[in-house]
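> From the sequence below, what's the structure:
(one chain, ligands or ions: 1)
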Amino acid sequence: MGNRSSEKPYSRKRQSDIFLGKLRGNQKKIPISFEKLRAKAKVQLPEEAFAYIAGSAGNEVTKRSNRSAFEKWEIIPRVLRNVADCNTKISLCGSTLPAPFLLAPIGVLEMAHRKADLAVSKAAAAENIPFIFSNQASVPMEKCSRAMGTSPRWFQLYWSTSDDLVESFVKRAEACNCKGIVLMFDTTMLGWRPRDLELDYLPFLRGMGIAQYTSDPVFCDLMDTNVAQADESPSITINSFRTLIQMAQNYPGGFLKNIFSDEPRKAVKTFIECYSRPSLTWENLSFLRSITDLPIFLKGILHPDDARMAVEAGMDGIIVSNHGGRQLDGAISALDALSDISQDLVATIPILFDSGIRSGSDIFKALALGADAVLLGRPYVYALAIAGEVGGKRSNQKLSGRI
Ligand SMILES: Cc1cc2nc3c(=O)[nH]c(=O)nc-3n(C[C@H](O)[C@H](O)[C@H](O)COP(=O)(O)O)c2cc1C
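As a prediction, this is how the structure comes out:
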């Protein structure tokens with residue numbers, strides 16, 4: 001990654017920690033390779049949770065091509081270039097990052113670990129790696145921000161049917177000192193995900209992954225007004241009873257209070273009604289631009305024309321991503337899209353990238369193909385499932401160490 005300062009790369013320290021740790025008899029809890037990481041997480045996670053995290057849309061062709069696109073590219077190293085002094089730092093939107101990656105927004109992290117976003121926030125803060133809070137988080141952004149001190153964080157927004165709710169989320173993100181807003185719009189409809197369909201599993205219906213909503217004053221008003229009525233009492237079966245228990249566990253205020261209350265069901269129903277706005281167009285972006293001065297990044301760009309339109313709409317950056325293949329099966333691999341887009345958009349706005357990053361050399365390839373930084377997704381979720389905060393931290397170190 002070139003000579004940029006006199007700091008030593010982290011990789012040497014990390015490697016010796018691993019080798020010397022073995023000599024000292026420390027057990028290696030978190031596998032090094034992605035495949036082993038995934039396999040270990042699979043053993044530890046409930047079947048539905050693993051299916052939700054690992055699964056993608058349709059026949060998972062796009063998920064596979066996200067990986068094969070990386071394998072198509074090879075690095076031709078140059079030698080004898082004095083790499084004694086180099087580091088992995090980059091500058092993004094005025095901040096210096098220790099490595100060219102951020103942690104992607106991932107919803108419903110409570111499926112991976114009970115401390116969910118809080119554990120990830122602490123792991124990210126320990127390495128000063130930015131964490132993008134998901135709109136579908138399991139822990140409200142205020143709690144995560146408190147745990148992160150001055151470490152950088154961003155907020156990912158899904159555009160709700162209510163502009164008041166959109167504004168409220170953005171204002172909360174500003175109050176949490178988020179460094180940017182990531183607007184995600186490829187999920188106006190949930191992708192067709194056979195693994196979840198086969199297990200009949202959608203976590204949001206159990207009140208999971210809606211903590212940003214249930215902690216929001218505008219959402220609470222919505223619950224009490226236009227969509228206030230919960231369905232007539234559902235007929236009680238073992239499954240519906242289990243769902244009611246889960247909703248009561250996941251809603252703020254305590255299980256005993258919630259189990260006798262309608263609020264958890266009202267929250268889920270309100271969420272379903274207001275979660276996404278399929279009618280969104282480029283014109284709506286001026287509203288977002290008008291309510292915040294934070295940098296806005298559009299996530300889910302795959303076409304060079306859309307990248308150009310993002311610049312014209314005054315956006316501050318784009319994230320080339322196909323959501324890890326979770327939305328549209330058959331969509332172009334994110335890496336192929338990146339090389340098309342970056343040739344077109346040379347250095348006008350920052351280009352971030354995700355979908356398929358599994359190692360430091362993947363990051364290198366994405367940067368070589370025009371990304372300014374990348375987002376890490378599933379690998380940190382598997383590490384979280386295996387070892388909570390420590391796992392998240394190790395997966396960050398592993399990548400910083402390998403670039
Ligand atoms: C379980 C899971 C949940 C996700 N939730 C969100 C989300 O709430 N918001 C979002 O913008 N992207 C979400 N994503 C997509 C990620 O931000 C990222 O684009 C994707 O994980 C990249 O693919 P990869 O993990 O295969 O590298 C999710 C991905 C997974 C695997």
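
> Going along the chain, name the strands of the stretch 1-150 of the chain.
90-92, 95-97, 101-103, 131-133 (DSSP state E, counting those that start in this stretch).

> Would you confirm that Asp329 contacts Gly58?
Yes. Assessed by CB atoms under 8 Å, Asp329 is found in contact with Gly58 at 2.7 Å. In short, each C-beta sits where N, CA and C put it, glycine included.

> what's the overlap in contacts for these two?
Here Asp329 and Gly58 share the contacting residues 191-192, scored by CB atoms under 8 Å, 6 or more residues apart in numbering.

> circling back: turn the strands of the stretch 1-150 of the chain into TSV, including mean neighbour count, distance to Gly356 and mean pLDDT.
Formatted as TSV, the strands of the stretch 1-150 of the chain follow (neighbours: other CB atoms under 10 Å; distance: least, CB to CB, whole Å; pLDDT from 0 to 100):
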stretch	mean neighbour count	distance to Gly356	mean pLDDT
strand 90-92	16	20	95
strand 95-97	14	20	93
strand 101-103	27	13	98
strand 131-133	28	17	98
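
> Of all these, which one comes closest to the ligand?
The ligand lies closest to strand 131-133 among the strands of the stretch 1-150 of the chain, at 7.5 Å (CB to the nearest ligand atom).

> Centre of the chain to the closest one, how far?
Distance, stretch centre to chain centre, for strand 131-133: 7 Å (CA atoms, centre = their mean, to the nearest Å).

> quick check: domain ranges of the protein?
Annotated domains of the chain cover 11-194+277-402, 203-274 [automatic domain parsing].

> Just the buried residues of the helix or strand in which Lys257 is found, please?
Element membership for Lys257 (DSSP states H and E) is helix 255-259. For helix 255-259, a neighbour-count test (16 or more other CB atoms under 10 Å) marks Asn258 as buried.

> any chance of the strands of the stretch 1-150 of the chain in a markdown table, with distance to the ligand too?
Formatted as a markdown table, those follow (distance: least, CB to the nearest ligand atom, whole Å):
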| stretch | distance to the ligand |
| --- | --- |
| strand 90-92 | 17 |
| strand 95-97 | 17 |
| strand 101-103 | 9 |
| strand 131-133 | 7 |
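
> could you dump those strands to TSV with distance to Ile363?
Output for the strands of the stretch 1-150 of the chain, formatted as TSV (distance: least, CB to CB, whole Å):
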stretch	distance to Ile363
strand 90-92	11
strand 95-97	12
strand 101-103	6
strand 131-133	16
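
> contacting residues around Leu118?
Contacts of Leu118 by CB under 8 Å, 6+ apart are 139, 143-144, 147.

> Count the residues that sit near Asp216.
Using other CB atoms under 10 Å, Asp216 has 21 neighbouring residues.

> hmm, back to that, give me whichever of the domains of the chain is most buried.
Highest mean neighbour count of the domains of the chain: domain 11-194+277-402, a mean of 19 (counted as mean count of other CB atoms under 10 Å).

> Show me which pair in the contacts of Leu118 is furthest apart.
Val139 and Ala147 (8.9 Å; CB to CB).

> shared neighbours of these two, which are they?
Common neighbours of Val139 and Ala147 (CB under 8 Å, 6+ apart) are 118, 121.

> Against Glu71, how distant is Asp354?
According to CB to CB, to the nearest Å, Asp354 and Glu71 sit 17 Å apart.

> do the same with Glu389
To Glu71, Glu389 is 32 Å away according to CB to CB.

> Equivalent analysis for Asp344, please.
For Asp344 relative to Glu71 (CB to CB), the value is 24 Å.

> same check, this time on Asn258
48 Å.

> Going by mean pLDDT, which of the domains of the chain comes out lowest?
Note on these: domain 203-274 shows the lowest mean pLDDT, a mean of 84.

> Around the ligand, pick out the residues from this structure.
Neighbours of the ligand within the chain, by CB under 6 Å from any ligand atom: 52-53, 104-107, 134-136, 156, 184, 299, 321, 323-324, 326, 354-357, 377-378.

> Okay, and which of the residues you listed map to helices?
Using DSSP state H, 52-53, 378 are the members of the residues of the chain next to the ligand that sit in helices.

> could these be laid out in TSV, adding distance to Tyr251?
Output for those, formatted as TSV (distance: CB to CB, whole Å):
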residue	distance to Tyr251
Tyr52	20
Ile53	23
Arg378	28
